[in-house]
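Colleague: Just to be clear, the model below is a prediction. Sequence and coordinates:
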Amino acid sequence: MSNTQCITIAAALLIDNQDNILLVRKRGSAFFMQPGGKIDQDETPEEALIRELKEELQLVVTKEELIPMGCFQDVAANEAHHQLTAYMYRIHRKSFAPIPAAEIEEAVWLSQEECQHVTLAPLTEYQLLPLAWPSE
């Protein structure tokens with residue numbers, strides 16, 4: 001019998017004009033990942049992501065800016081024995097200076113090369129980065 005529990009989140013693949021992506025690291029964690037968070041009981045994934053981006057990064061986005069990427073599953077980076085289900089959205093921004101808040105310790109724009117030198121969450125490393133920078 002498996003003790004694996006599921007966490008459902010909404011998260012953003014934020015990309016700037018230089019093809020950098022925004023990754024965050026939560027306080028007490030070594031893993032960098034996409035910004036976003038858990039979906040509250042009465043929220044849609046879009047509503048949850050809009051709320052989380054405002055709470056965590058002081059970033060205001062509209063539903064119209066969210067480009068659905070699909071639903072992805074992987075192991076959770078920060079919670080042992082948890083499976084992650086992530087509703088992912090792509091957001092393009094010319095520029096944006098994130099202001100880390102709530103549980104976010106660090107928020108950084110990284111190039112494809114720079115992502116090779118940080119510890120990445122499994123979902124980020126194996127599923128989302130290949131979508132951010134598809135092979136030529």
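Modeller: That came through fine.

Colleague: What ranges in the chain fall below the confidence cut-off?
Modeller: Applying pLDDT under 70 to the chain picks out residues 1-2, 136.

Colleague: mind running it again at 90?
Modeller: The model of the chain has pLDDT under 90 over residues 1-4, 75-82, 94-97, 102, 134-136.

Colleague: Might you report the residue contacts of Ser95?
Modeller: For Ser95, the contact set (Cβ atoms under 8 Å, 6 or more residues apart in numbering) comprises Asp16, Asn17. C-beta coordinates here come from the backbone N, C-alpha and C atoms, glycine included.

Colleague: tell me the secondary structure for it?
Modeller: Here Ser95 is coil, with the state taken from DSSP: H, G, I helix; E, B strand; the rest coil.

Colleague: Report the contact partners of the residue positioned nearest the centre of the chain.
Modeller: The centroid of the chain falls nearest to Gln34 when counting by Cα atoms, centre = their mean (1.9 Å). Applying Cβ under 8 Å, 6+ apart to Gln34 gives the contacts 11-14, 21-24, 86, 88, 123-124, 128.

Colleague: Could you find the closest non-adjacent residue to Lys54?
Modeller: Sequence neighbours aside, Val60 is the residue nearest to Lys54 in space, at 6.0 Å (criterion: Cβ to Cβ, 6 or more residues apart in numbering).

Colleague: ok, now Glu55?
Modeller: That would be Ala102: by Cβ to Cβ, 6+ apart, it lies 5.0 Å from Glu55.

Colleague: That neighbour against Gln58, yeah?
Modeller: No - Ala102 is beyond contact range of Gln58, at 10.1 Å (criterion: Cβ atoms under 8 Å).

Colleague: Quickly note the distance from the residue nearest to the centre of the chain to Asp74.
Modeller: With distances taken as Cβ to Cβ, to the nearest Å, Gln34 is found 12 Å from Asp74.

Colleague: before we move on, what about Ser95?
Modeller: Distance, Ser95 to Asp74, by Cβ to Cβ: 30 Å.
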